[in-house]
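>>> quick check, what structure comes out for this input:
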Amino acid sequence: MEIGKKIKSIREAKEMTAKEVISAVDMGAAMYSRIETGKTEPSLSTLEKIAKALGVKLSDFFDGDKLADVNSYDASIMEKIKLVEGLNEEEKKIVFSLVDALVGKKKLKDALSGVLNDVK
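Numbers count the residues shown, from 1 in each chain. This is a model prediction of the structure:
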């Protein structure tokens, strides 16, 4: 689904008028109409403003044909994963190394905690 159609479907699902979104985003009606009709692609900052006005996560505009029913923490993780996918290979390696190190640290901490609890 195109971004404009997704924005419109979310807006309609939330029973909001285009005028309400336009007001919240502080954008001209013609520009907003061009976004919803797919005649222009909004910038990332504009998408962020529209998402905030609609009360959704930015990633909700990219979740296929349905709105995901996830809590805000899960949505935040998914948004970050999508951003990581856009990094170059070297940057991805750094991110994955950090994640691996943190997960390894957590596993080690849990294992040691279990051992210490068994000793008591």
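
>>> got any ranges where this protein has weak pLDDT?
Applying pLDDT under 70 to the chain flags residues 1, 64-78, 119-120.

>>> top helix in it by residue count?
Using DSSP state H, we find that the single longest helix of the chain is helix 89-119.

>>> buried sites along that one?
Under the neighbour-count criterion of 16 or more other C-beta atoms under 10 Å, helix 89-119 has nothing buried. Any C-beta I mention is one placed from the backbone N, CA and C, and that applies to glycine too.

>>> for the remainder of this discussion, apply numbering that starts at 59.
Happy to do that; since the first residue is 59 now, the last one works out to helix 147-177.

>>> which residue ranges of this structure form helices?
Using DSSP H, helices in the chain cover 61-71, 76-83, 87-94, 102-112, 130-143, 147-177.

>>> could you dump those into CSV with distance to residue 120 added?
Output for these, formatted as CSV (distance: least, C-beta to C-beta, whole Å):
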stretch, distance to residue 120
helix 61-71, 8
helix 76-83, 18
helix 87-94, 15
helix 102-112, 10
helix 130-143, 7
helix 147-177, 19
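
>>> one step back: what's the distance between the longest helix of the chain and the middle of its chain?
25 Å (C-alpha atoms, centre = their mean, to the nearest Å).

>>> cool, stretch 83-93 as well?
22 Å.

>>> tell me which residues in it are buried?
Under 16+ other C-beta under 10 Å, the buried positions of stretch 83-93 are 83, 85, 90, 93.

>>> and residue 77, what is it in contact with?
Residues in contact with residue 77 (C-beta atoms under 8 Å, 6 or more residues apart in numbering) are residue 87.

>>> again with residue 116
105, 106, 109, 137.

>>> quick one, which of the residues you listed are buried?
Buried members of these, scored by 16+ other C-beta under 10 Å, are 105, 109, 137.

>>> the last one and residue 119 touch, don't they?
No. Between residue 137 and residue 119 no contact is recorded; they are 10.2 Å apart, counting by C-beta atoms under 8 Å.
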